[in-house]
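Asker: Fold the following.
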Amino acid sequence: MMPDIPPLETLVETSRKLHDVILRIVLDCSKELPKERFTTSLMAISMIWSRICRTHLAAIVLVENHLPGEAVILETTEFELFLDLLYLGQDLDNRAKEWLEHSRTEATPWNVGHKIATVFPTNQSTAKGTYELLCSIKRGNPAAGSLGFYIPHDQKDLHPKAMDCFAVGCSTYIMLQATLALMDSLECAPSPSDTEALGIWKDYLVGLIHQAVDAQEFYAAFNRQPISEALFPDPL
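Answerer: Numbering: from 1, shown residues only. Predicted coordinates:
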């Protein structure tokens with residue numbers, strides 16, 4: 001049975017509202033930092049975070065225009081940028097220098113598998129499952145069934161609702177988690193009220209993702225019922 005997924009307009013409004021909240025929190029935090037804190041390394045990780053936010057906004061525009069499968073293509077990039085942000089943050093000065101100075105145009109300095117193993121040492125299966133799902137949709141993989149090669153035949157069908165919910169929920173969740181990681185690198189915590197609000201947002205987004213991937217189209221595509229606990233047992 002289809003979970004009670006909010007209308008597309010509500011999903012989009014919610015996502016954009018959180019984007020505005022996040023920008024305000026980061027701006028407030030940045031104003032408190034002394035100028036000497038704005039090092040090249042911090043600029044590098046801030047660049048990645050900014051790219052994540054812009055990619056998120058682009059993905060939401062695609063969902064609004066009934067192109068959720070294409071939005072997930074951008075979200076695969078968003079997830080890869082998120083891995084870069086987390087990886088740099090573990091050893092910011094050394095890894096930021098390597099990231100900024102490497103010369104391979106075809107790839108970043110570290111592959112996805114290595115970054116996942118490093119930044120999610122106790123949660124690798126969740127991260128790998130997330131990335132596998134995103135890539136199966138991105139690549140139009142027939143092995144993933146209708147998710148891998150998403151073609152909306154009827155907008156009244158249940159499938160677009162699940163895809164919309166997954167695309168918006170996943171993209172917004174990645175942006176939120178990336179922002180929390182950035183705040184750690186800035187060594188600046190949100191106010192208690194903002195911290196509480198972000199926690200509520202996080203729980204809500206996890207719920208949206210579970211609603212989407214528990215829908216019939218998702219678990220049927222992967223021959224599992226349901227798959228939310230397999231792919232998203234815990235927040236990343």
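
Asker: so where's this protein uncertain?
Answerer: 1-3, 144-146, 149-160, 217, 219-236 (pLDDT under 70).

Asker: Nearest to the middle of it, which residue? Look it up for me.
Answerer: Centroid-nearest residue in the chain: residue 174, 2.3 Å away (criterion: Cα atoms, centre = their mean).

Asker: so residue 178 sits right up against residue 83, yeah?
Answerer: No. Counting by Cβ atoms under 8 Å, residue 178 does not reach residue 83; the two are 9.9 Å apart. Glycine gets a C-beta too; all of them are placed from N, C-alpha and C.

Asker: Which one of the two is surrounded by more residues?
Answerer: Using other Cβ atoms under 10 Å, the more surrounded residue of residue 178 and residue 83 is residue 178, with 27 against 23.

Asker: so where does that one fall, helix or strand?
Answerer: According to DSSP states H and E, residue 178 maps onto helix 158-186.

Asker: so how far is the helix or strand hosting residue 209 from its chain's centroid?
Answerer: For residue 209, the element it lies in under DSSP H and E is helix 192-213. In terms of Cα atoms, centre = their mean, to the nearest Å, the centre of helix 192-213 is set 13 Å apart from its chain centre.

Asker: what comes up buried for that helix?
Answerer: Neighbour counts over helix 192-213 (16 or more other Cβ atoms under 10 Å) mark 194, 198, 201-202, 205-206, 208-213 as buried.

Asker: could you redo these as CSV and give each row distance to residue 58?
Answerer: Formatted as CSV, the buried residues of helix 192-213 follow (distance: Cβ to Cβ, whole Å):
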residue, distance to residue 58
194, 26
198, 23
201, 20
202, 22
205, 18
206, 23
208, 19
209, 20
210, 25
211, 23
212, 20
213, 22
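
Asker: among these, which two are most distant?
Answerer: The largest separation in those, counting by Cβ to Cβ, is between 194 and 213 at 28.7 Å.

Asker: give me every residue that touches residue 29.
Answerer: Neighbouring residues of residue 29 by Cβ atoms under 8 Å, 6 or more residues apart in numbering: 183, 186, 188, 190.

Asker: Out of those residues, the closest to residue 75 would be?
Answerer: Nearest to residue 75, judged by Cβ to Cβ, of the contacts of residue 29 is residue 183 at 21.7 Å.

Asker: tell me the contacts of that closest one?
Answerer: By Cβ under 8 Å, 6+ apart, residue 183 lies in contact with 25-26, 29, 189-190.

Asker: how far away is it from residue 84?
Answerer: 17 Å (Cβ to Cβ, to the nearest Å).

Asker: so how far is residue 42 from the residue of the chain most remote from its centre?
Answerer: Distance from the C-alpha centroid of the chain peaks at residue 36, with 30.6 Å (Cα atoms, centre = their mean). Distance of residue 36 to residue 42, computed by Cβ to Cβ: 10 Å.
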